[in-house]
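Q: Give the three-dimensional model of this entry:
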Amino acid sequence: MTAADRQILRIALPSIVSNITVPLLGLVDVAIVGHLGSPAYIGAIAVGGLMFNIIYWLFAFLRMGTSGLTAQALGRRDLTEAVCLLLRSLLIAGAVALALLALQVPIRQTAFLLIHPTGEVARWAATYFHICVWGAPAMLGLYGLTGWYLGMQNSRIPMLVAITQNVVNIAASLSFVYFGGMKVEGVALGTLVAQWAGLLMGLGLWLASYGRLRKYIRQAWRRVWQREALARFFRVNRDIFLRTLCLVAVTMFFTSAGAAQGDVVLAVNTLLMQLFTLFSYVMDGFAYAGEALSGRHIGARNLSAFRLTMRRLFLWGAGMAAAFTLLYAVGGEAFLDLLTDEREVIAASQDYFYWAIAIPAAGVAAFTWDGIFIGATATRGMLASMAVATACFFALYLGLRASLGNHALWLAFIAYLATRGIVLTCLSRTMVGKAFR
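A: Purely as a prediction, here's the structure:
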(Lines give C-alpha, C1' and ligand atoms only; values in the text may rest on other atoms or scores of the structure.)
Protein backbone atom coordinates (compact mmCIF):
# COMPACT_ATOMS: atom_id res chain seq x y z
CA MET A 1 0.00 0.00 0.00
CA THR A 2 1.43 3.36 -1.04
CA ALA A 3 1.60 6.53 1.05
CA ALA A 4 -1.12 7.98 -1.18
CA ASP A 5 -3.38 5.02 -0.36
CA ARG A 6 -2.80 5.50 3.36
CA GLN A 7 -3.70 9.19 3.05
CA ILE A 8 -6.88 8.31 1.18
CA LEU A 9 -7.98 5.68 3.71
CA ARG A 10 -7.12 7.95 6.67
CA ILE A 11 -9.82 10.33 5.47
CA ALA A 12 -12.19 7.92 3.69
CA LEU A 13 -12.73 5.32 6.43
CA PRO A 14 -13.89 7.71 9.21
CA SER A 15 -16.02 9.50 6.61
CA ILE A 16 -17.74 6.25 5.67
CA VAL A 17 -18.52 5.59 9.34
CA SER A 18 -19.92 9.13 9.64
CA ASN A 19 -22.07 8.67 6.55
CA ILE A 20 -23.52 5.40 7.79
CA THR A 21 -24.49 6.96 11.14
CA VAL A 22 -26.38 9.88 9.51
CA PRO A 23 -29.63 7.99 8.72
CA LEU A 24 -29.63 6.49 12.19
CA LEU A 25 -30.97 9.77 13.62
CA GLY A 26 -34.14 9.36 11.58
CA LEU A 27 -34.36 5.60 12.11
CA VAL A 28 -34.23 6.01 15.89
CA ASP A 29 -37.09 8.52 15.78
CA VAL A 30 -39.21 6.16 13.65
CA ALA A 31 -38.41 3.16 15.87
CA ILE A 32 -39.51 5.01 19.02
CA VAL A 33 -42.79 6.42 17.69
CA GLY A 34 -43.49 3.10 15.99
CA HIS A 35 -44.24 1.68 19.42
CA LEU A 36 -46.53 4.48 20.63
CA GLY A 37 -49.77 3.01 19.28
CA SER A 38 -50.73 5.18 16.32
CA PRO A 39 -49.62 5.13 12.67
CA ALA A 40 -50.13 8.92 12.62
CA TYR A 41 -46.98 9.28 14.73
CA ILE A 42 -44.93 7.39 12.16
CA GLY A 43 -46.43 9.47 9.38
CA ALA A 44 -45.62 12.66 11.24
CA ILE A 45 -41.98 11.69 11.65
CA ALA A 46 -41.81 10.67 7.97
CA VAL A 47 -43.28 14.00 6.81
CA GLY A 48 -41.17 16.05 9.19
CA GLY A 49 -38.04 14.12 8.30
CA LEU A 50 -38.68 14.62 4.58
CA MET A 51 -39.03 18.37 5.09
CA PHE A 52 -35.74 18.66 6.94
CA ASN A 53 -33.93 16.33 4.55
CA ILE A 54 -34.80 18.62 1.65
CA ILE A 55 -33.97 21.81 3.57
CA TYR A 56 -30.59 20.60 4.80
CA TRP A 57 -29.81 18.95 1.47
CA LEU A 58 -30.21 22.31 -0.27
CA PHE A 59 -27.76 23.97 2.12
CA ALA A 60 -25.16 21.21 1.95
CA PHE A 61 -23.03 23.67 -0.05
CA LEU A 62 -21.89 25.01 3.33
CA ARG A 63 -19.93 21.79 3.75
CA MET A 64 -18.79 21.16 0.18
CA GLY A 65 -17.80 24.74 -0.60
CA THR A 66 -15.87 25.10 2.65
CA SER A 67 -13.89 21.86 2.32
CA GLY A 68 -12.30 22.58 -1.06
CA LEU A 69 -11.40 26.17 -0.26
CA THR A 70 -9.99 25.20 3.14
CA ALA A 71 -7.90 22.37 1.68
CA GLN A 72 -6.39 24.78 -0.84
CA ALA A 73 -5.60 27.30 1.90
CA LEU A 74 -3.93 24.53 3.91
CA GLY A 75 -1.88 23.51 0.87
CA ARG A 76 -0.66 27.13 0.58
CA ARG A 77 0.05 27.08 4.34
CA ASP A 78 -2.20 30.13 4.67
CA LEU A 79 -3.66 29.43 8.11
CA THR A 80 -5.14 32.90 8.35
CA GLU A 81 -7.25 32.19 5.26
CA ALA A 82 -8.20 28.76 6.66
CA VAL A 83 -9.51 30.39 9.85
CA CYS A 84 -11.22 33.07 7.77
CA LEU A 85 -13.06 30.39 5.79
CA LEU A 86 -14.34 28.80 8.99
CA LEU A 87 -15.58 32.14 10.30
CA ARG A 88 -17.22 32.98 6.97
CA SER A 89 -18.94 29.61 6.74
CA LEU A 90 -20.25 29.78 10.31
CA LEU A 91 -21.53 33.33 9.82
CA ILE A 92 -23.36 32.42 6.62
CA ALA A 93 -24.75 29.29 8.29
CA GLY A 94 -26.04 31.46 11.13
CA ALA A 95 -27.67 33.91 8.71
CA VAL A 96 -29.38 31.08 6.77
CA ALA A 97 -30.56 29.50 10.03
CA LEU A 98 -32.07 32.78 11.23
CA ALA A 99 -33.95 33.07 7.93
CA LEU A 100 -35.30 29.53 8.36
CA LEU A 101 -36.43 30.31 11.90
CA ALA A 102 -38.11 33.54 10.80
CA LEU A 103 -39.88 31.82 7.88
CA GLN A 104 -40.71 28.54 9.60
CA VAL A 105 -44.49 28.97 9.35
CA PRO A 106 -44.67 29.70 5.59
CA ILE A 107 -42.05 26.96 4.97
CA ARG A 108 -44.17 24.42 6.83
CA GLN A 109 -47.38 25.56 5.12
CA THR A 110 -45.78 25.34 1.66
CA ALA A 111 -44.40 21.87 2.42
CA PHE A 112 -47.82 20.64 3.55
CA LEU A 113 -49.39 21.94 0.32
CA LEU A 114 -46.93 19.77 -1.63
CA ILE A 115 -47.02 16.67 0.59
CA HIS A 116 -50.76 16.66 1.48
CA PRO A 117 -50.58 14.94 4.91
CA THR A 118 -53.86 13.90 6.53
CA GLY A 119 -55.29 15.91 9.43
CA GLU A 120 -53.77 14.05 12.39
CA VAL A 121 -50.46 13.48 10.63
CA ALA A 122 -50.31 17.17 9.73
CA ARG A 123 -50.94 18.19 13.34
CA TRP A 124 -48.16 16.01 14.72
CA ALA A 125 -45.82 16.81 11.83
CA ALA A 126 -46.28 20.52 12.57
CA THR A 127 -45.35 19.87 16.20
CA TYR A 128 -42.25 17.94 15.12
CA PHE A 129 -41.24 20.60 12.60
CA HIS A 130 -41.62 23.62 14.88
CA ILE A 131 -39.48 21.98 17.56
CA CYS A 132 -36.75 20.57 15.31
CA VAL A 133 -36.42 23.75 13.27
CA TRP A 134 -34.65 25.31 16.27
CA GLY A 135 -31.86 22.89 15.52
CA ALA A 136 -31.17 24.62 12.19
CA PRO A 137 -28.37 26.82 13.60
CA ALA A 138 -26.68 23.70 15.00
CA MET A 139 -27.08 21.60 11.85
CA LEU A 140 -25.95 24.30 9.43
CA GLY A 141 -23.10 25.27 11.75
CA LEU A 142 -22.02 21.62 11.76
CA TYR A 143 -22.02 21.65 7.96
CA GLY A 144 -19.50 24.49 8.02
CA LEU A 145 -17.42 22.82 10.72
CA THR A 146 -17.44 19.44 8.96
CA GLY A 147 -16.34 20.99 5.66
CA TRP A 148 -13.56 22.85 7.45
CA TYR A 149 -12.36 19.72 9.26
CA LEU A 150 -12.28 17.77 5.98
CA GLY A 151 -10.36 20.60 4.33
CA MET A 152 -7.85 20.35 7.17
CA GLN A 153 -7.51 16.60 6.36
CA ASN A 154 -9.32 15.59 9.55
CA SER A 155 -12.30 13.26 9.19
CA ARG A 156 -12.01 11.70 12.64
CA ILE A 157 -13.64 14.63 14.45
CA PRO A 158 -16.75 14.60 12.20
CA MET A 159 -16.97 10.85 12.82
CA LEU A 160 -16.83 11.31 16.60
CA VAL A 161 -19.45 14.07 16.41
CA ALA A 162 -21.78 11.88 14.31
CA ILE A 163 -21.47 8.95 16.72
CA THR A 164 -22.06 11.23 19.73
CA GLN A 165 -25.16 12.71 18.11
CA ASN A 166 -26.69 9.27 17.72
CA VAL A 167 -25.93 8.25 21.30
CA VAL A 168 -27.39 11.49 22.67
CA ASN A 169 -30.43 11.22 20.38
CA ILE A 170 -31.24 7.71 21.57
CA ALA A 171 -30.81 8.60 25.25
CA ALA A 172 -32.67 11.91 25.09
CA SER A 173 -35.58 10.68 22.94
CA LEU A 174 -36.13 7.59 25.10
CA SER A 175 -36.01 9.74 28.24
CA PHE A 176 -38.52 12.30 26.96
CA VAL A 177 -40.92 9.64 25.64
CA TYR A 178 -40.77 6.88 28.25
CA PHE A 179 -39.92 8.89 31.35
CA GLY A 180 -41.40 12.25 30.42
CA GLY A 181 -44.66 10.87 29.03
CA MET A 182 -44.26 12.72 25.71
CA LYS A 183 -45.00 11.48 22.22
CA VAL A 184 -43.86 13.08 18.95
CA GLU A 185 -42.74 16.19 20.81
CA GLY A 186 -40.43 14.04 22.94
CA VAL A 187 -38.78 12.55 19.86
CA ALA A 188 -38.42 16.03 18.38
CA LEU A 189 -36.83 17.35 21.55
CA GLY A 190 -34.43 14.39 21.61
CA THR A 191 -33.37 15.18 18.04
CA LEU A 192 -32.97 18.86 18.92
CA VAL A 193 -30.80 18.08 21.95
CA ALA A 194 -28.63 15.76 19.83
CA GLN A 195 -28.15 18.41 17.14
CA TRP A 196 -26.95 21.03 19.61
CA ALA A 197 -24.81 18.47 21.43
CA GLY A 198 -23.12 17.74 18.11
CA LEU A 199 -22.39 21.42 17.45
CA LEU A 200 -21.05 22.01 20.96
CA MET A 201 -18.84 18.93 20.67
CA GLY A 202 -17.59 20.06 17.26
CA LEU A 203 -16.67 23.48 18.65
CA GLY A 204 -15.13 21.96 21.78
CA LEU A 205 -12.95 19.62 19.72
CA TRP A 206 -11.90 22.58 17.58
CA LEU A 207 -10.63 24.35 20.70
CA ALA A 208 -8.90 21.19 21.89
CA SER A 209 -7.30 20.30 18.54
CA TYR A 210 -6.89 23.66 16.82
CA GLY A 211 -6.79 26.11 19.72
CA ARG A 212 -3.40 27.31 18.52
CA LEU A 213 -5.15 28.87 15.52
CA ARG A 214 -6.97 31.36 17.74
CA LYS A 215 -4.08 33.76 17.22
CA TYR A 216 -5.15 34.08 13.58
CA ILE A 217 -8.75 35.05 14.37
CA ARG A 218 -8.21 38.82 14.58
CA GLN A 219 -6.38 38.97 11.27
CA ALA A 220 -8.83 36.50 9.70
CA TRP A 221 -11.79 38.62 10.81
CA ARG A 222 -10.52 41.48 8.64
CA ARG A 223 -10.62 39.17 5.61
CA VAL A 224 -14.10 37.74 6.20
CA TRP A 225 -15.87 40.46 4.26
CA GLN A 226 -13.25 41.04 1.56
CA ARG A 227 -15.21 41.52 -1.64
CA GLU A 228 -13.14 39.29 -3.92
CA ALA A 229 -12.88 36.40 -1.45
CA LEU A 230 -16.56 36.67 -0.55
CA ALA A 231 -17.51 36.70 -4.25
CA ARG A 232 -15.51 33.51 -4.82
CA PHE A 233 -17.10 31.85 -1.79
CA PHE A 234 -20.61 32.65 -3.03
CA ARG A 235 -19.77 31.71 -6.62
CA VAL A 236 -18.59 28.27 -5.53
CA ASN A 237 -21.59 27.77 -3.26
CA ARG A 238 -24.07 29.07 -5.84
CA ASP A 239 -22.98 26.41 -8.31
CA ILE A 240 -23.23 23.70 -5.66
CA PHE A 241 -26.69 24.95 -4.61
CA LEU A 242 -28.00 24.84 -8.20
CA ARG A 243 -26.43 21.39 -8.67
CA THR A 244 -28.21 20.21 -5.53
CA LEU A 245 -31.53 21.51 -6.88
CA CYS A 246 -31.07 19.25 -9.91
CA LEU A 247 -30.19 16.31 -7.67
CA VAL A 248 -33.28 16.89 -5.49
CA ALA A 249 -35.46 17.18 -8.59
CA VAL A 250 -34.28 13.80 -9.91
CA THR A 251 -34.59 12.10 -6.52
CA MET A 252 -38.07 13.46 -5.78
CA PHE A 253 -39.32 12.69 -9.30
CA PHE A 254 -37.95 9.14 -9.10
CA THR A 255 -40.04 8.54 -5.98
CA SER A 256 -43.10 10.28 -7.40
CA ALA A 257 -42.95 8.39 -10.71
CA GLY A 258 -42.67 5.09 -8.87
CA ALA A 259 -45.63 5.96 -6.63
CA ALA A 260 -47.74 6.74 -9.69
CA GLN A 261 -47.27 3.13 -10.85
CA GLY A 262 -48.80 1.60 -7.74
CA ASP A 263 -47.86 0.55 -4.22
CA VAL A 264 -45.92 -2.55 -5.27
CA VAL A 265 -43.72 -0.68 -7.75
CA LEU A 266 -43.15 2.09 -5.20
CA ALA A 267 -42.08 -0.50 -2.62
CA VAL A 268 -39.78 -2.24 -5.11
CA ASN A 269 -38.12 1.03 -6.12
CA THR A 270 -37.70 2.05 -2.49
CA LEU A 271 -36.03 -1.24 -1.59
CA LEU A 272 -33.71 -1.28 -4.60
CA MET A 273 -32.73 2.34 -3.96
CA GLN A 274 -31.36 1.20 -0.60
CA LEU A 275 -28.65 -0.56 -2.61
CA PHE A 276 -27.76 2.75 -4.23
CA THR A 277 -27.77 4.46 -0.83
CA LEU A 278 -25.43 1.87 0.65
CA PHE A 279 -23.00 2.23 -2.25
CA SER A 280 -23.18 6.03 -2.03
CA TYR A 281 -22.24 6.00 1.67
CA VAL A 282 -19.02 4.19 0.85
CA MET A 283 -18.17 6.17 -2.29
CA ASP A 284 -18.89 9.46 -0.56
CA GLY A 285 -16.13 8.57 1.89
CA PHE A 286 -13.65 8.33 -0.98
CA ALA A 287 -15.11 11.51 -2.49
CA TYR A 288 -14.40 13.33 0.79
CA ALA A 289 -10.82 12.08 0.62
CA GLY A 290 -10.69 13.44 -2.93
CA GLU A 291 -11.91 16.84 -1.72
CA ALA A 292 -9.35 17.10 1.04
CA LEU A 293 -6.29 15.73 -0.75
CA SER A 294 -6.81 17.25 -4.20
CA GLY A 295 -7.53 20.64 -2.68
CA ARG A 296 -4.38 20.49 -0.56
CA HIS A 297 -2.21 19.47 -3.53
CA ILE A 298 -3.67 22.26 -5.65
CA GLY A 299 -2.97 24.78 -2.90
CA ALA A 300 0.61 23.49 -2.65
CA ARG A 301 0.96 23.58 -6.47
CA ASN A 302 2.02 19.92 -6.41
CA LEU A 303 0.78 18.56 -9.74
CA SER A 304 2.55 15.20 -9.46
CA ALA A 305 0.98 14.47 -6.05
CA PHE A 306 -2.41 15.57 -7.39
CA ARG A 307 -2.19 13.19 -10.35
CA LEU A 308 -1.04 10.32 -8.13
CA THR A 309 -3.92 10.90 -5.71
CA MET A 310 -6.36 11.04 -8.62
CA ARG A 311 -5.11 7.73 -10.01
CA ARG A 312 -5.28 6.00 -6.63
CA LEU A 313 -8.78 7.34 -6.00
CA PHE A 314 -9.98 5.84 -9.28
CA LEU A 315 -8.32 2.54 -8.45
CA TRP A 316 -10.10 2.45 -5.09
CA GLY A 317 -13.33 3.44 -6.81
CA ALA A 318 -12.96 0.67 -9.38
CA GLY A 319 -12.30 -1.82 -6.59
CA MET A 320 -15.36 -0.69 -4.65
CA ALA A 321 -17.54 -0.82 -7.77
CA ALA A 322 -16.40 -4.37 -8.54
CA ALA A 323 -16.90 -5.48 -4.94
CA PHE A 324 -20.40 -4.01 -4.69
CA THR A 325 -21.43 -5.39 -8.07
CA LEU A 326 -20.39 -8.88 -6.96
CA LEU A 327 -22.03 -8.39 -3.55
CA TYR A 328 -25.32 -7.32 -5.08
CA ALA A 329 -25.27 -10.06 -7.72
CA VAL A 330 -24.64 -12.78 -5.13
CA GLY A 331 -26.34 -11.49 -1.98
CA GLY A 332 -28.78 -8.83 -3.14
CA GLU A 333 -31.90 -10.96 -2.68
CA ALA A 334 -30.83 -11.90 0.84
CA PHE A 335 -30.41 -8.19 1.58
CA LEU A 336 -33.96 -7.52 0.38
CA ASP A 337 -35.19 -10.32 2.67
CA LEU A 338 -33.70 -8.40 5.60
CA LEU A 339 -35.63 -5.28 4.65
CA THR A 340 -39.06 -6.82 4.09
CA ASP A 341 -41.00 -10.06 4.41
CA GLU A 342 -43.53 -9.02 1.75
CA ARG A 343 -43.14 -11.86 -0.75
CA GLU A 344 -45.07 -9.97 -3.44
CA VAL A 345 -42.61 -7.09 -3.29
CA ILE A 346 -39.55 -9.37 -3.30
CA ALA A 347 -40.94 -11.33 -6.25
CA ALA A 348 -41.68 -8.14 -8.19
CA SER A 349 -38.18 -6.82 -7.51
CA GLN A 350 -36.68 -9.66 -9.58
CA ASP A 351 -37.84 -7.95 -12.77
CA TYR A 352 -35.78 -4.85 -11.94
CA PHE A 353 -32.89 -6.22 -9.92
CA TYR A 354 -30.35 -6.08 -12.74
CA TRP A 355 -30.73 -2.28 -12.76
CA ALA A 356 -29.59 -2.19 -9.13
CA ILE A 357 -26.61 -4.40 -10.01
CA ALA A 358 -25.61 -1.81 -12.63
CA ILE A 359 -25.54 1.06 -10.10
CA PRO A 360 -21.90 0.71 -8.91
CA ALA A 361 -20.41 0.63 -12.42
CA ALA A 362 -22.63 3.49 -13.61
CA GLY A 363 -21.99 5.73 -10.60
CA VAL A 364 -18.37 5.20 -9.60
CA ALA A 365 -16.88 7.85 -11.90
CA ALA A 366 -19.43 10.48 -10.83
CA PHE A 367 -18.70 9.99 -7.13
CA THR A 368 -14.92 10.01 -7.62
CA TRP A 369 -14.86 13.07 -9.88
CA ASP A 370 -17.24 14.95 -7.57
CA GLY A 371 -14.69 14.84 -4.77
CA ILE A 372 -11.81 15.90 -7.01
CA PHE A 373 -13.81 18.73 -8.60
CA ILE A 374 -14.90 20.02 -5.17
CA GLY A 375 -11.28 19.99 -4.01
CA ALA A 376 -10.40 22.01 -7.10
CA THR A 377 -13.44 24.29 -6.48
CA ALA A 378 -14.35 23.56 -10.12
CA THR A 379 -18.03 23.78 -9.21
CA ARG A 380 -19.15 25.15 -12.57
CA GLY A 381 -18.13 21.85 -14.18
CA MET A 382 -20.05 19.94 -11.51
CA LEU A 383 -23.13 22.04 -12.23
CA ALA A 384 -22.76 21.49 -15.98
CA SER A 385 -22.47 17.71 -15.57
CA MET A 386 -25.50 17.59 -13.30
CA ALA A 387 -27.57 19.76 -15.64
CA VAL A 388 -26.77 17.52 -18.64
CA ALA A 389 -27.43 14.36 -16.62
CA THR A 390 -30.73 15.72 -15.29
CA ALA A 391 -31.89 16.63 -18.81
CA CYS A 392 -30.89 13.12 -19.95
CA PHE A 393 -32.85 11.56 -17.07
CA PHE A 394 -36.11 13.37 -17.85
CA ALA A 395 -35.76 12.98 -21.62
CA LEU A 396 -35.22 9.22 -21.39
CA TYR A 397 -38.00 8.59 -18.92
CA LEU A 398 -40.61 10.79 -20.59
CA GLY A 399 -39.71 9.34 -23.99
CA LEU A 400 -39.78 5.68 -22.95
CA ARG A 401 -42.27 5.41 -20.09
CA ALA A 402 -45.18 4.50 -22.37
CA SER A 403 -43.36 1.47 -23.73
CA LEU A 404 -41.09 0.44 -20.85
CA GLY A 405 -42.95 1.56 -17.71
CA ASN A 406 -40.83 1.27 -14.57
CA HIS A 407 -37.89 -0.03 -16.59
CA ALA A 408 -37.78 3.39 -18.26
CA LEU A 409 -37.41 4.99 -14.83
CA TRP A 410 -34.47 2.77 -13.91
CA LEU A 411 -32.85 3.15 -17.34
CA ALA A 412 -33.11 6.93 -16.97
CA PHE A 413 -31.56 6.78 -13.49
CA ILE A 414 -28.63 4.60 -14.58
CA ALA A 415 -28.06 6.89 -17.57
CA TYR A 416 -28.19 9.90 -15.24
CA LEU A 417 -25.44 8.43 -13.04
CA ALA A 418 -23.27 7.45 -16.01
CA THR A 419 -23.74 10.81 -17.77
CA ARG A 420 -22.48 12.69 -14.73
CA GLY A 421 -19.26 10.67 -14.79
CA ILE A 422 -18.84 10.96 -18.57
CA VAL A 423 -19.28 14.74 -18.62
CA LEU A 424 -16.91 15.24 -15.67
CA THR A 425 -14.33 13.04 -17.40
CA CYS A 426 -14.59 15.21 -20.51
CA LEU A 427 -14.14 18.34 -18.38
CA SER A 428 -11.30 16.95 -16.25
CA ARG A 429 -8.44 18.09 -18.47
CA THR A 430 -9.74 21.66 -18.44
CA MET A 431 -10.26 21.45 -14.68
CA VAL A 432 -6.67 20.38 -14.05
CA GLY A 433 -5.34 23.06 -16.38
CA LYS A 434 -7.24 25.82 -14.58
CA ALA A 435 -6.33 24.50 -11.14
CA PHE A 436 -2.57 24.58 -11.86
CA ARG A 437 -2.24 27.50 -14.25
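
Q: Model confidence for residue 243, exactly?
A: At residue 243, the pLDDT value in this model is 93.

Q: should've said residue 320
A: 94.

Q: Equivalent analysis for residue 39, please.
A: On the pLDDT scale, residue 39 gets 66.

Q: before we move on, what about the one 5 residues further on?
A: Here the pLDDT value assigned to residue 44 is 75.

Q: what's in contact with the host helix or strand of it?
A: Assigned by DSSP states H and E, residue 44 belongs to helix 39-58. Applying C-beta atoms under 8 Å, 6 or more residues apart in numbering, the contact partners of helix 39-58 are 26, 29-30, 33-34, 100, 107-108, 111, 115, 117-118, 120-125, 127-129, 132, 136, 139-140, 143, 183-184, 187-188, 241, 244-245, 247-248, 252. Using the backbone N, CA and C atoms, a C-beta is placed for each residue, glycine as well.

Q: which ones among those residues are found in helices?
A: The helices, defined by DSSP state H, take in 26, 29-30, 33, 100, 107-108, 111, 115, 120-125, 127-129, 132, 136, 139-140, 143, 184, 187-188, 241, 244-245, 247-248, 252 from the contacts of helix 39-58.

Q: Which among the residues you listed count as buried?
A: The neighbour-count test (16 or more other C-beta atoms under 10 Å) applied to those identifies 26, 29, 33, 100, 107-108, 111, 121-122, 124-125, 127-129, 132, 136, 139-140, 143, 184, 187-188, 241, 244-245, 247 as buried.

Q: Could you check how far the nearest residue to residue 420 once chain neighbours are set aside is from residue 245?
A: Spatial nearest neighbour of residue 420, excluding adjacent residues (C-beta to C-beta, 6 or more residues apart in numbering): residue 366 at 3.8 Å. For residue 366, the distance to residue 245 equals 17 Å [C-beta to C-beta, to the nearest Å].

Q: tell me the SS of residue 154?
A: coil (DSSP: H, G, I helix; E, B strand; the rest coil).

Q: from what I can see it touches residue 209, true?
A: Yes: Residue 154 is within contact range of residue 209, at 7.5 Å (criterion: C-beta atoms under 8 Å).

Q: So for these two, which residue has more residues nearby?
A: residue 154 (19 against 14; other C-beta atoms under 10 Å).

Q: what about the more buried one, distance to residue 18?
A: Separation of residue 154 from residue 18 (C-beta to C-beta): 12 Å.

Q: Residue 219 too?
A: Residue 219 is 31 Å from residue 18, by C-beta to C-beta.

Q: Please identify which of the two sits among more neighbours.
A: It is residue 18, of residue 219 and residue 18, that has more neighbours when counted by other C-beta under 10 Å, with 25 against 13.

Q: check contacts around the more buried one.
A: With C-beta under 8 Å, 6+ apart, residue 18 has these contacts: 155, 158, 159, 161, 162.

Q: give me the element the second one is part of.
A: Read it as residue 158. Counting by DSSP H and E, residue 158 is part of helix 156-174.

Q: Give the rounded mean pLDDT of that helix.
A: Rounded mean pLDDT across helix 156-174 is 90.

Q: Any buried residues in that helix, and which?
A: 156-166, 168-170, 172-174.

Q: Then stretch 54-69?
A: Those would be 55-56, 59-69, for stretch 54-69 by 16+ other C-beta under 10 Å.

Q: Just name the closest of these to residue 346, please.
A: Of all the buried residues of stretch 54-69, residue 56 has the smallest distance to residue 346: 32.4 Å, by C-beta to C-beta.

Q: ok, now how distant is the closest one from residue 206?
A: Counting by C-beta to C-beta, the separation of residue 56 from residue 206 is 21 Å.

Q: Next, work out how far apart the nearest residue to residue 400 once chain neighbours are set aside and residue 419 are.
A: Leaving aside its sequence neighbours, residue 400 sits nearest to residue 408 (C-beta to C-beta, 6+ apart; 3.9 Å). In this view, residue 408 and residue 419 are 16 Å apart by C-beta to C-beta.

Q: Those two: which is more packed in?
A: residue 419 (21 against 18).

Q: element containing that one, please.
A: Going by DSSP H and E, residue 419 is part of helix 406-435.

Q: What about the residue nearest to residue 104 when sequence neighbours are not counted, how many residues nearby?
A: Once flanking residues are discounted, residue 104 sits nearest to residue 133: 4.9 Å by C-beta to C-beta, 6+ apart. Number of residues near residue 133 (other C-beta under 10 Å) recorded here: 24.

Q: pLDDT score assigned to residue 133?
A: At residue 133, pLDDT is 93.

Q: What does the pLDDT read for residue 51?
A: 84.

Q: per-residue pLDDT, the nearest residue to residue 275 once chain neighbours are set aside?
A: Using C-beta to C-beta, 6+ apart and skipping the chain neighbours, the partner closest in space to residue 275 is residue 356 (4.6 Å). Residue 356 is assigned 88 on the pLDDT scale.
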